[in-house]
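Engineer: Next comes the sequence, and after it the predicted model I'd like to discuss.
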Amino acid sequence: MARSIVLQAGHQNIQSNCVAELRGGTGAPQEKDNNVRIRDRLSQILLTKKNSDGSQAFQLQLVDANFNCDPNVGKKDYDLFLSLHCESDTHGAGGGMISAPDPAYDDVNPESRRIASAITSVYFTESGITNMPAWITVNMTKYYMWSELSSKTPCVLLEMGVAQNAHDKVILSDTDRVANAIARGICKAFNVPFDSSPTPTPQPDYKALYEKLLEVNKQLITKIENAKKALI
């Protein structure tokens, strides 16, 4: 079974949003570029993942910040809506955080929190970004997209790091490192193998080879004996 996941690059094209109040939310400097670049790489990684039975693990939809304007946005239940962002440089330190919605915004909040917890348990260790849950704000738990999606769609918002922090900036520029860290968390949440086991090298049937060698040797001995007899 392929899980249906929507990956949103936060702030992408927000300046043309159908809701006028949202148009000014263009994010921190360089944030949008980070969000788009990492989202696109994340999608490539997830599409390579297979379930244990070899079937495709994920079906992906990539969206911008204007997905709330799609007339069909709330008509489908997804297995996950993940919105990617970078935190603004307002804390004097680097760090990121992962949040599920306020319980009032979805009917599957335990699932949203379960997925957020699974990603949290992997992302910060793998990426090297510091987890700062104290930075979670109402703007994250009541993110504008949460009220637009179907109530049965689990939602997670990830602030990947502080875009302007010297430490985090280096990590966020390493697209593979960050995207793989997120992908590992998603795979953990859905019990999908991340590292495929190498295909074992087929071992020869040594018993059959030995028996064949004995038979060839027996035939050779017979030919030699027959040749000796012919010389007498």
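Structural biologist: Everything's here; your move. Numbers count the residues shown, from 1 in each chain.

Engineer: Strictly from the record, what residue spans define the domains of the protein?
Structural biologist: The chain breaks down by automatic domain parsing into domains covering 3-189, 203-232.

Engineer: and those, which one is worst for confidence?
Structural biologist: Of all the domains of the chain, the minimum mean pLDDT falls on domain 203-232 (a mean of 70).

Engineer: Show me where the chain has its helices.
Structural biologist: Along the chain, counting by DSSP state H, helices occupy 31-46, 109-127, 138-141, 166-172, 175-189, 206-231.

Engineer: Please convert those helices to TSV, extending it with mean neighbour count and distance to D102.
Structural biologist: Just so you know, the C-beta spots here come from the backbone N, C-alpha and C atoms, and that holds for glycine as well. What follows is the helices of the chain, written out as TSV (neighbours: other Cβ atoms under 10 Å; distance: least, Cβ to Cβ, whole Å):
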stretch	mean neighbour count	distance to D102
helix 31-46	20	22
helix 109-127	19	8
helix 138-141	14	4
helix 166-172	18	26
helix 175-189	21	20
helix 206-231	9	64
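
Engineer: okay, which residue is most central for the chain?
Structural biologist: Central residue of the chain (Cα atoms, centre = their mean): A183, 2.3 Å from the mean position.

Engineer: Test my guess that that one contacts F194.
Structural biologist: Yes. If you go by Cβ atoms under 8 Å, A183 and F194 touch, sitting 7.0 Å apart.

Engineer: Now do the shared contacts for the two.
Structural biologist: Residues touching both A183 and F194 (Cβ atoms under 8 Å, 6 or more residues apart in numbering): K49.

Engineer: What's the end-to-end length of stretch 35-54?
Structural biologist: 30 Å (Cα to Cα, to the nearest Å).

Engineer: Measure how far it is from the centre of its chain, please.
Structural biologist: Here the centre of stretch 35-54 is set off from its chain's centre by 5 Å, with Cα atoms, centre = their mean, to the nearest Å.

Engineer: same deal with stretch 167-181?
Structural biologist: Remark: stretch 167-181 is offset 14 Å from the chain centroid, using Cα atoms, centre = their mean.

Engineer: Grab the nearest non-local neighbour of the residue nearest to the centre of the chain.
Structural biologist: Closest residue in space to A183, ignoring its immediate chain neighbours: I45 at 4.4 Å, by Cβ to Cβ, 6 or more residues apart in numbering.

Engineer: which residues does the residue nearest to the centre of the chain contact?
Structural biologist: By Cβ under 8 Å, 6+ apart, the contact list for A183 reads L42, I45, L46, K49, F194.

Engineer: and what of T141?
Structural biologist: S99, A100, P101, D102, Y105.

Engineer: hang on, the earlier thing: JSON lines please, covering the helices of the chain and showing distance to S150.
Structural biologist: Listed next are those as JSON lines, based on distance: least, Cβ to Cβ, whole Å:
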{"stretch": "helix 31-46", "distance to S150": "21"}
{"stretch": "helix 109-127", "distance to S150": "13"}
{"stretch": "helix 138-141", "distance to S150": "18"}
{"stretch": "helix 166-172", "distance to S150": "31"}
{"stretch": "helix 175-189", "distance to S150": "19"}
{"stretch": "helix 206-231", "distance to S150": "58"}
